[in-house]
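**Q** let's see this in three dimensions:
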Amino acid sequence: MTHDHSHGDRNAYYLNQLFTIAVCGALGGVAVMLWWSGTIRLMLHPKFFLWVLLGGIALLVLVVLRAVAVWRSIDELAAVSDHVHDHEDCGHEHEPCHHHAHEHGHEHGWQPWRYVVLLLPVVLYLLNLPNQGFSADAGGSELNRLSLSAPESVRATGQASVGFVELQQASLTPESRDYYEGKTVTLTGQYLAYSPKRFTLRRYKIACCAADAVKLDAVIMVDDKAAEKVDPDTYRDKWVEVTGRIHFFPKPGSNEFITALILYPTKDEPISQLVKIIPPPATPWLN
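**A** This is a model prediction of the structure:
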């Protein structure tokens, strides 16, 4: 087969090869670093963690193999070039050396647009996206704008074991509101401050990836008459365990209700007992 590339075509070909190797290496490195740093927890369900790691490692291995192949092809090209120059110097005519050549029906022109899409995950990683602020969205802002005041007293009606999903659904029917009103529950989530006496916890329910995440909020309020407050700087972005009584607020302008936890700190149960900092869970997702 014949190989009739100009020097410009060869340069463009090798430039494409080098950029492809660099971009693929960056993608593989990002995949491994997302797993290593734990940031992958903000993007995918844990069942995909190992596959992302293995995919990143496999991509890095392929990058090394391709880099070696390209390097060897450059050496071979240099050897063939020296061989051709030697024959030219001897003054004899020779037939083209077909066993070193290849006929390509495509162009090797430099096309940088190919790498724009591939570089997007790398750019997002360098911008530290997604991050813990990934969970802050319009839903929390809407709750913060509502004028809600903690009632002076919510009568205790016992204890209940309830999670984020059940707590959010508890406001949907009169029967569930009657049952859960005044129940003492404990929730775990990430602290997000509104004010020293008002905050929320944040968790996500997920099916497979971040695109399927459903935001789950819990409005938490400290008794207005309580002397103690929650220091936002102490708890900000920390994982906490909160114990309070369930109460339902009518949502202004609609027939809906907002579920809230009301905290009533006392001498025996100060804020530090009702809002405890805990180690982060292995995954922030709810199953």
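**Q** do I have it right that Lys205 meets Gln169?
**A** No. Between Lys205 and Gln169 there is no contact under C-beta atoms under 8 Å: 11.8 Å. For glycine as for every other residue, the C-beta is placed from the backbone atoms N, C-alpha and C.
**Q** more neighbours, these two?
**A** Just comparing Lys205 and Gln169: by other C-beta atoms under 10 Å the higher neighbour count belongs to Lys205, 16 against 13.
**Q** what is the burial count for the residue nearest to that one when sequence neighbours are not counted?
**A** Excluding its sequence neighbours, the residue lying closest to Lys205 (C-beta to C-beta, 6 or more residues apart in numbering) is Leu286, at 4.4 Å. Each residue near Leu286 was counted by other C-beta under 10 Å, and the total is 15.
**Q** now Pro121
**A** Should you count by other C-beta under 10 Å, Pro121 turns out to have 15 residues around it.
**Q** try Leu119
**A** By other C-beta under 10 Å, the residues close to Leu119 number 16.
**Q** now name the helix or strand holding it.
**A** Secondary structure here is read from DSSP states H and E; on that basis Leu119 sits in helix 114-126.
**Q** beyond the least confident helix or strand in the chain by mean pLDDT, next helix or strand please.
**A** Taking mean pLDDT, DSSP states H and E as the measure, the chain has helix 138-145 as its least confident helix or strand, at a mean of 49. On the C-terminal side of helix 138-145, the nearest following helix or strand under DSSP H and E is helix 164-169.
**Q** hey, C-alpha coordinates of that next one in CSV?
**A** In CSV, the C-alpha atoms belonging to helix 164-169 read as follows (Å, rounded to 0.1, in the frame of the first residue of the first chain):
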residue,chain,number,x,y,z
PHE,A,164,-37.3,12.3,55.3
VAL,A,165,-39.7,10.8,52.8
GLU,A,166,-42.3,9.8,55.3
LEU,A,167,-42.0,13.2,57.1
GLN,A,168,-42.5,15.1,53.8
GLN,A,169,-45.5,13.0,52.9
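**Q** which residues does it contact?
**A** Counting by C-beta atoms under 8 Å, 6 or more residues apart in numbering, the neighbours of helix 164-169 from elsewhere in the structure are 176, 180, 185, 187, 189, 201, 203, 205, 216-218, 246, 259, 286.
**Q** make CSV from those and add distance to Thr266, pLDDT and secondary structure to it.
**A** Rendered in CSV, the data for these read as follows (distance: C-beta to C-beta, whole Å; pLDDT from 0 to 100; DSSP: H, G, I helix; E, B strand; the rest coil):
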residue, distance to Thr266, pLDDT, secondary structure
Ser176, 28, 93, helix
Tyr180, 22, 93, helix
Val185, 18, 93, strand
Leu187, 20, 90, strand
Gly189, 23, 87, strand
Leu201, 22, 85, strand
Arg203, 28, 80, strand
Lys205, 33, 71, strand
Leu216, 29, 62, strand
Asp217, 26, 66, strand
Ala218, 22, 71, strand
Ile246, 18, 93, strand
Thr259, 23, 87, strand
Leu286, 31, 72, strand
